[in-house]
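> Have a look; sequence and predicted model below, questions after that.
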Amino acid sequence: MAMTHFMLAVVTGAGIGAGSAYAVQTMQNAPPIERVSYTQQAELAPHRLVIGLDLSKSNPLVADPDFAAKVATRIAGIVAKLGFRSEVHVRTLGNYDAMANDFYYDAVLSTRSRPEQVASDVRKLIAGTPLLVKSGKWRAQNHTNILAFLDNVSQSVGCSGMPTTIILASDGIEDSEYARLAQASAQLPAPEGKPFAGCAELQILGVGQGTKSPKETVRLRREWSGWAGAAGFTKFVGLNDW
């Protein structure tokens with residue numbers, strides 16, 4: 001976890017000079033993470049949460065501290081309410097290039113890795129995304145391979161063993177050889193089979209962000225809702241703002 005600790009040090013202000021104060025202040029002003037009692041968390045069934053951070057240049061997450069903080073707070077609130085033995089996985093996505101997206105954060109919640117601490121780590125990472133990009137620790141990317149990312153998740157993590165939710169901090173604008181969703185006539189291809197059969201939910205936070213078009217947001221949400229249902233997800237949530 002050395003890479004994760006280094007990233008957390010960056011977004012809490014260590015190693016970054018001018019320009020870090022605003023990002024740090026944004027995190028400090030965020031509402032406190034609610035702590036669920038030990039008894040409640042011990043009684044909750046374990047859940048798997050996979051979080052994908054879209055580093056493509058079209059996604060406001062890479063440059064807008066306010067938006068990043070909002071996404072961070074929402075996802076941290078979900079993590080904080082998970083029970084012990086739950087899994088939390090964070091990855092980045094964008095280009096179809098493993099070297100461009102080699103960051104990982106993995107945690108299994110327990111008395112030693114308490115939900116509120118993991119939630120705090122996740123919030124710092126997401127809220128600090130613009131700072132990590134600006135400092136060069138993460139690189140803003142030219143493409144948006146959401147489908148390829150999801151395919152890798154289905155192969156490496158899957159949906160078996162416990163209820164699984166995938167949350168993408170993304171504008172939902174697939175930009176790959178599969179589809180160019182920035183074009184109004186473009187459509188997502190049908191998934192092959194049901195790679196996410198048994199998965200509880202797919203969420204995309206930030207659908208249509210940056211387009212400044214309610215019609216585009218609706219179109220993108222419709223595309224992803226249809227794809228998620230066909231791929232086997234029980235539920236789809238696509239939010240532009242909240």
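The structure has been received and is ready for your questions.
> mind checking which helix or strand the closest residue to Val157 other than its chain neighbours is in?
Leaving aside its sequence neighbours, Val157 sits nearest to Val50 (CB to CB, 6 or more residues apart in numbering; 5.9 Å). (Each C-beta comes from the backbone N, C-alpha and C, glycine too.) Element membership for Val50, per DSSP states H and E: strand 48-54.
> quick one: strands adjacent to that strand?
strand 87-93 (parallel), strand 164-169 (parallel) (DSSP bridges).
> Quick check: Tyr105 touching Ile126?
No - applying CB atoms under 8 Å, one finds Tyr105 not in contact with Ile126, separated by 10.5 Å.
> for the chain, what helix or strand is lowest in average pLDDT?
helix 20-28 (a mean of 49; mean pLDDT, DSSP states H and E).
> And the helices in the protein?
All helices of the chain, identified by DSSP state H, fall at 2-11, 20-28, 38-43, 65-80, 115-127, 129-134, 146-156, 214-231.
> The last one - contacts with which helices or strands?
So that's helix 214-231. Secondary-structure packing of helix 214-231 (3 or more CB pairs under 8 Å, 6 or more residues apart in numbering; DSSP states H and E): strand 201-205, strand 235-239.
> Name the stretch among the ones you listed that sits most buried.
Among the helices and strands packed on helix 214-231, ranked by average contacts under mean count of other CB atoms under 10 Å, first place goes to strand 201-205 (a mean of 24).
> Return the alpha-carbon coordinates of it using CSV.
The C-alpha trace of strand 201-205 is given here as CSV (Å, rounded to 0.1, in the frame of the first residue of the first chain):
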residue,chain,number,x,y,z
GLU,A,201,-25.9,-2.0,-8.8
LEU,A,202,-24.0,0.2,-11.2
GLN,A,203,-23.8,3.9,-10.3
ILE,A,204,-22.3,6.6,-12.5
LEU,A,205,-21.9,9.9,-10.6
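> between it and strand 235-239, how many degrees?
In terms of direction (axes from the mean of the first three to the mean of the last three CA atoms, to 10 degrees), strand 201-205 departs from strand 235-239 by 0 degrees.
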